[in-house]
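Asks: Turn this into a structure:
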Amino acid sequence: MVPRFYILVPLLICCVAVPPHARGAVVFKPGEKARYVAPGGEEINGTAQELFQIAQAAENNGNRSRAMKAYRTIVRKFGRDTLAPAAAFRYAQLSEQAGDDLKAAAAYRVVVEQYPNSRNFDEAIEAQFRIGETYLAGKKLKLLGLPVRSALDNANQIFAAIVRTAPYGKYTARAQFNIGLVNEKQGNAEGAVKAYQAVVEKFPDQPVAIDAQYQIGYLWFNAARTGTRDAKAAANAKIGFQDFVFRYPKSEKAAQARENFRILDQKQTTDAFKIAKFYDKQKNYRAAVIYYNDVIRQQPGSTASDRARQRVNELRAKVGDAALQPPAVTAATAKKPAAKTSAASSSSPSDDAGIPMRTSPEDAPLPPAEADESLPPPASLTPDTTTAPDPSPTPSPTP
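Replies: Numbering: from 1, shown residues only. Got it, this is the predicted structure:
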């Protein structure tokens with residue numbers, strides 16, 4: 001009686017511990033030991049039609065994992081079957097419902113890349129965009145259910161895939177703009193400028209192009225205030241805001257763009273005035289005058305311009321105008337009397353007025369140089385170029 005009791009107790013425990021719906025399977029294969037397969041892990045075989053029916057039946061019974069496995073088997077084994085596009089799309093939807101957004105995004109990408117004629121193409125693009133925006137908004141990747149790190153790189157890949165696979169789609173312009181936002185959040189200002197510039201050039205009629213053009217100027221504006229290449233950044237920022245006001249004069253951001261432009265102008269003038277005073281204190285008056293003139297040219301009629309003009313006049317009275325001229329002008333002035341003497345000696349006594357005739361353009365003195373090349377150029381002469389790098393190649397999606 002006692003041995004029978006010890007046999008029945010473990011059996012009763014097993015019956016209670018294992019719910020009725022958890023029906024596993026014991027798999028036997030030739031040459032292998034028997035093994036237990038958890039529910040939903042059994043191998044699924046059959047034609048594409050049979051597998052599709054198995055998947056739908058599993059969905060109706062609430063067995064999502066079995067349905068996903070059947071749909072995935074259709075795509076892998078019967079990728080050219082007419083049921084494959086629908087199976088791929090349904091697999092992506094179930095992955096998203098399960099909370100595995102990265103797997104879902106990759107599955108939606110399979111739909112648009114392998115089955116571009118699928119009736120679910122637009123829905124797959126929209127789903128990718130939706131997932132990308134959740135990561136852009138701050139959703140983190142999870143490990144064992146816990147958020148561990150930012151997923152901005154994944155968001156960038158998702159948006160780049162949309163731009164690549166649907167270049168003229170409904171969400172393409174916004175995806176391109178979001179690539180710029182991702183780069184901004186990652187601290188890559190030049191990469192962001194490249195992305196925003198692509199929006200302006202490729203989608204000028206889209207509403208998001210207005211924000212993209214403003215962001216171009218604003219990024220350079222911040223770089224001018226905090227970066228090391230402030231002169232170049234300021235020039236690029238002014239160009240960005242000028243383009244914005246020219247293209248979108250009625251935008252609600254136009255007033256702010258004009259104000260930012262004024263701030264940049266004032267900053268450039270202040271910087272030029274500081275440089276002029278530095279050279280002034282070093283008694284390098286010729287260099288100081290170059291930057292004082294830059295202030296006068298940038299802000300005519302302003303207080304800074306009046307101060308700069310007054311100091312230039314004081315320096316002229318102190319050292320003379322010749323000492324403030326660039327070397328090219330000084331050299332040309334020194335050669336001028338010699339040229340006159342040579343021309344007078346070679347002239348004919350029969351000339352009416354005795355004025356030497358200029359025989360070639362080379363006899364004329366060279367025009368004064370705009371700036372001394374031995375000095376750093378004024379801010380206003382900085383070339384309007386950008387050092388933004390080419391965009392990195394987009395990683396190929398994993399099906």
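Asks: so where is the stretch 151-300 of the chain shaky, pLDDT-wise?
Replies: 227-230, 268 (pLDDT under 70).
Asks: at 80 what do you get?
Replies: 224-233, 261, 263-274, 280, 283, 285, 294-295, 298-300 (pLDDT under 80).
Asks: now Ala233: how far from Glu113?
Replies: 39 Å (C-beta to C-beta, to the nearest Å). C-beta: built from backbone N, CA, C; applies to glycine.
Asks: show me where the stretch 1-150 of the chain has strands.
Replies: Secondary structure of the stretch 1-150 of the chain, counting by DSSP state E, counting those that start in this stretch: strands at 25-27, 35-37, 140-143, 146-150.
Asks: Compare those strands and say which comes out lowest on pLDDT.
Replies: Lowest mean pLDDT within these: strand 25-27, at a mean of 46.
Asks: can you pull the contacts of Pro204?
Replies: By C-beta atoms under 8 Å, 6 or more residues apart in numbering, the contact set of Pro204 is Arg247.
Asks: what secondary structure does it sit in?
Replies: coil (DSSP: H, G, I helix; E, B strand; the rest coil).
Asks: Hmm, Arg109 is touching Ala160, no?
Replies: No - taking contacts as C-beta atoms under 8 Å, Arg109 lies outside contact range of Ala160: 10.7 Å.
Asks: Who has more neighbours out of these two?
Replies: The neighbour comparison of Arg109 against Ala160 (other C-beta atoms under 10 Å) goes to Arg109, with 26 against 23.
Asks: So for Ala233 and Glu113, which residue has more residues nearby?
Replies: Taking neighbours as other C-beta under 10 Å, Ala233 and Glu113 compare with Ala233 leading, 24 against 15.
Asks: Let me know the helix or strand that the more buried one is in.
Replies: Secondary structure from DSSP states H and E places Ala233 in helix 230-247.
Asks: Who are the packing partners of that helix?
Replies: helix 208-226, helix 254-281 (3 or more C-beta pairs under 8 Å, 6 or more residues apart in numbering; DSSP states H and E).
Asks: That one to helix 254-281, inter-axis angle?
Replies: Comparing the axes of helix 230-247 and helix 254-281 via axes from the mean of the first three to the mean of the last three C-alpha atoms, to 10 degrees yields an angle of 150 degrees.
Asks: Output helix 230-247 as CSV, nothing but the C-alphas.
Replies: C-alpha atoms of helix 230-247 as CSV (Å, rounded to 0.1, in the frame of the first residue of the first chain):
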residue,chain,number,x,y,z
ASP,A,230,33.0,80.4,-35.0
ALA,A,231,33.8,82.6,-38.0
LYS,A,232,33.0,79.9,-40.5
ALA,A,233,30.0,78.7,-38.5
ALA,A,234,28.7,82.3,-38.3
ALA,A,235,29.0,82.7,-42.1
ASN,A,236,27.1,79.4,-42.7
ALA,A,237,24.5,80.4,-40.1
LYS,A,238,23.8,83.7,-41.9
ILE,A,239,23.5,81.9,-45.2
GLY,A,240,21.1,79.4,-43.6
PHE,A,241,18.9,82.1,-42.1
GLN,A,242,19.0,84.2,-45.3
ASP,A,243,17.8,81.2,-47.3
PHE,A,244,15.1,80.6,-44.8
VAL,A,245,13.7,84.1,-44.9
PHE,A,246,13.9,84.1,-48.7
ARG,A,247,12.1,80.8,-49.1
